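Student: can you look at this prediction? I've put the sequence above it.
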Amino acid sequence: MTGHPANGLDDIVHQRVRLGILTVAHEARRADFGYLRDTLELTAGNLSQHLSVLENAGLIAIEKGYAGKRARTWISLTKAGHTALSEEIANLKLLIRHIEHPKTPPD
Amino acid sequence: MTSDSIQSGDDPHRLLLSARELTRRVRRTQRATWFPLLVFAAVTFASIPVLRYTGNHLGPCRAVPGGRICKVYSNAQFVYWPIALVLAYVAIATFYVRRSRARGVGTRVRPYAIAGIIVAAALTGVSLWELHNPLVDQTSVGLNGLPHRLVSPGAAIGLALLVLAWAERNRALPLLILGYLAVVLVPITFGWVNASPPWLFVPPLVIDGSVLLLGGIGFALAQRPLRTPAP
């Protein structure tokens, strides 16, 4: 294991869509499936696949319920999800700094 | 090299930019700043007839050379405002929750509603206490009136709005709040201090309500393009 910041990146989180899901869920506190689908411009099937990956990793919680007669699926971050997101953002910033200033030693 | 293996779509710059843009979009979806401003403008304007036509009560008096000075306050002052503020926060919280559910996101209104009710209760308590234990010469105009205005309903509304600005991560709202608190706390008279006593309290309320109303309209216009119905 080297000190390169890219080594700290989590393969599950370091992906555009999954990072987007975590970001939206973090900022929104909880996000509806339809909101995520529209915001991230995904198909329902594609979003479901990414949600399954994140749920299996314990990063999100999925709650199904009803709003009136309408079925709703709400996605929220778990504690591990919050940690994973903040670590990913910190590592991305570190990686950018490393790329832009190669001599800067990693923290 | 490790960094070379990163796919172009997962470029750190793009990922960070994408995360920031998503954060902005969620915040825009959640914001409904115009609603509390319009609610409090309505509450402020509605207070004028209530305070004017519910009769007055003679408060504590103190002796001065040549007579005595008594504080006169409306019978509804300590009834209307606490009830109106609490009802307003309940209405605002209900609106935010329903709206956020319809849009498919959570809401951050709870700290604002809780802070608003606490501030309203605390300032009403201080105001009641101060009524019977005047710390300074009670006047509505002049710097001596500042402590009185600090515990006024307008100050309670403004202080709680600061919590809303924080909860909504709204950078424009603090500017409006500063202007609002300025007109609430700083004496602006334009000469109505010589007006007929029954209506003396009206101009400050009209100014306070107008600032909230204009602010509410401004935020409603600014946030209008995003207020689309949920799919």
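Tutor: Sure thing, it's come through.
Student: phi first, then psi, for the residue nearest to B:Ser152 when sequence neighbours are not counted.
Tutor: If the residues on either side of it in the chain are set aside, B:Ser152 comes closest to B:Val184, at 6.5 Å by Cβ to Cβ, 6 or more residues apart in numbering or on different chains. Every residue, glycine included, has its C-beta placed from N, CA and C. Here is the backbone geometry of B:Val184 (degrees, to the nearest 10): phi -80, psi -40.
Student: what of A:Ala25?
Tutor: Dihedral angles for A:Ala25 - degrees, to the nearest 10 - are phi -60, psi -40.
Student: pLDDT score assigned to the residue nearest to B:Ser152?
Tutor: pLDDT recorded at B:Val184 is 89.
Student: quick one: neighbours of it, just the number.
Tutor: 22 (other Cβ atoms under 10 Å in any protein chain shown).
Student: kindly report the same for B:Arg171.
Tutor: B:Arg171, neighbours per other Cβ under 10 Å, totals 8.
Student: over to B:Leu212?
Tutor: With other Cβ under 10 Å as criterion, B:Leu212 counts 26.
Student: check A:Arg30 too.
Tutor: So A:Arg30, with other Cβ under 10 Å, has 19 neighbours.
Student: what are the bridge partners for it, then?
Tutor: Residues in a beta bridge with A:Arg30, per DSSP bridges, are A:Ser76.
Student: isn't it right up against B:Val105?
Tutor: Yes - between A:Arg30 and B:Val105 a contact is recorded at 7.5 Å, counting by Cβ atoms under 8 Å.
Student: for the lengthiest helix in chain A, which positions count as buried?
Tutor: Scanning chain A for the helix with the most residues, using DSSP state H, yields helix A:79-100. In terms of neighbour count (16 or more other Cβ atoms under 10 Å in any protein chain shown), helix A:79-100 has its buried residues at A:81, A:84-85, A:88-89, A:91-92, A:94-96, A:98.
Student: near chain A at all, the helix or strand B:His13 falls within?
Tutor: According to DSSP states H and E, B:His13 maps onto helix B:12-30. Yes - using Cβ under 8 Å from any Cβ of the partner chain, helix B:12-30 reaches chain A at B:12-16, B:18-19, B:22-23, B:25-27, B:29-30.
Student: now the residue nearest the centre of chain B, nearest residue through space, not along the chain?
Tutor: Geometric centre of chain B, nearest residue: B:Ile157, 2.8 Å, by Cα atoms, centre = their mean. Spatial nearest neighbour of B:Ile157, excluding adjacent residues (Cβ to Cβ, 6+ apart): B:Phe40 at 5.0 Å.
Student: ok, now B:Leu185?
Tutor: The nearest residue in space to B:Leu185 (Cβ to Cβ, 6+ apart) is B:Arg149, at 5.2 Å.
Student: what about the closest residue in space to B:Ile207 that isn't next to it in sequence, neighbour count?
Tutor: In space, B:Ile207 comes closest to B:Val183 once its chain neighbours are excluded; the distance is 5.3 Å by Cβ to Cβ, 6+ apart. B:Val183 has 16 neighbours, counted by other Cβ under 10 Å.
Student: in what helix or strand does B:Val183 lie?
Tutor: Using DSSP H and E, B:Val183 falls in helix B:173-185.
Student: show me the strands in the chain, by range?
Tutor: As the question left the chain open, I've gone with chain A. With DSSP state E, the ranges of strands along chain A come out as A:30-32, A:60-67, A:70-77.
Student: if you could check chain B rather than the one you did, that'd help
Tutor: Using DSSP E, strands in chain B cover B:56-64, B:67-74.
Student: any idea how far the longest one is from the middle of the chain?
Tutor: For strand B:56-64, the separation from the chain centroid amounts to 30 Å (computed by Cα atoms, centre = their mean, to the nearest Å).
Student: which strands and helices lie in contact with it?
Tutor: strand B:67-74, helix B:109-132 (3 or more Cβ pairs under 8 Å, 6 or more residues apart in numbering or on different chains; DSSP states H and E).
Student: let's go with 10 Å and repeat that
Tutor: strand B:67-74, helix B:77-103, helix B:109-132 (3 or more Cβ pairs under 10 Å, 6 or more residues apart in numbering or on different chains; DSSP states H and E).
Student: which of the ones you listed has the lowest mean pLDDT?
Tutor: strand B:67-74 - the lowest mean pLDDT of the helices and strands packed on strand B:56-64, at a mean of 72.
Student: so what does that strand touch, helix or strand wise?
Tutor: helix B:34-53, strand B:56-64, helix B:109-132.
Student: let me see the contact set for A:Leu22.
Tutor: A:12-13, A:54, A:59-60, A:75, A:77, A:81-82, A:84-86, A:88-89, B:19, B:22 (Cβ atoms under 10 Å, 6 or more residues apart in numbering or on different chains).
Student: report the helix or strand with the lowest average pLDDT across chain B.
Tutor: helix B:146-150 (a mean of 70; mean pLDDT, DSSP states H and E).
Student: the buried residues of helix A:79-100 also near chain B: which ones?
Tutor: With Cβ under 10 Å from any Cβ of the partner chain as the criterion, the buried residues of helix A:79-100 include A:85, A:88-89, A:91-92, A:94-96, A:98 near chain B.
Student: between those, which sits nearest B:Phe45?
Tutor: Relative to B:Phe45, the closest of those is A:Leu85; by Cβ to Cβ it sits at 44.6 Å.
Student: nice, that's everything, thank you.
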